[in-house]
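1. structure for this input, please:
(one chain, ligands or ions: 1)
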Amino acid sequence: MANCPISDTLERFARGELSDSETRACEAHLLACGRCAKTLSELPVGQDLIQEIREMRRSREALAPHLSGLSALEENLTTLLFPQAEPDPD
Ligand SMILES: [Zn+2]
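-> Numbering: from 1, shown residues only. The predicted structure follows:
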């Protein structure tokens, strides 16, 4: 995939320091680029990101009708970044 963000950009993404448009572009790239998803997961702030995603999942239950697209993104990001963190089917 062309135009991979540099690790500094991924770190700023994980910290929520990018603009909205930059964040959306970075999310879209991460869903398409396993290499960058792996890079992000190896950053210390990647652990913070997954925590934020989990918090978003909790809060989205109140907003579910509006967030179907976002929830799909969260699922995909979680699977990409932390496949071992998927909940047990039980
Ligand atoms: Zn990439």
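2. quick one: what helix or strand has the spatially most central residue of the chain in it?
-> Residue closest to the mean C-alpha point of the chain, counted by C-alpha atoms, centre = their mean, is Leu77 at 4.3 Å. Using DSSP states H and E, Leu77 maps to helix 68-81.
3. can I assume the residue nearest to the centre of the chain is in contact with Cys26?
-> No: the pair Leu77 / Cys26 is not scored as a contact, 10.6 Å apart, by C-beta atoms under 8 Å. The C-beta positions use only the backbone N, C-alpha and C, and glycine is treated the same way.
4. related to what we said a few turns ago, gap between the residue nearest to the centre of the chain and Arg15?
-> According to C-beta to C-beta, to the nearest Å, Leu77 and Arg15 sit 15 Å apart.
5. try Leu43
-> 10 Å.
6. which one's more surrounded, those two?
-> Set Leu43 next to Arg15 and count neighbours by other C-beta atoms under 10 Å: Leu43 wins out with 17 against 13.
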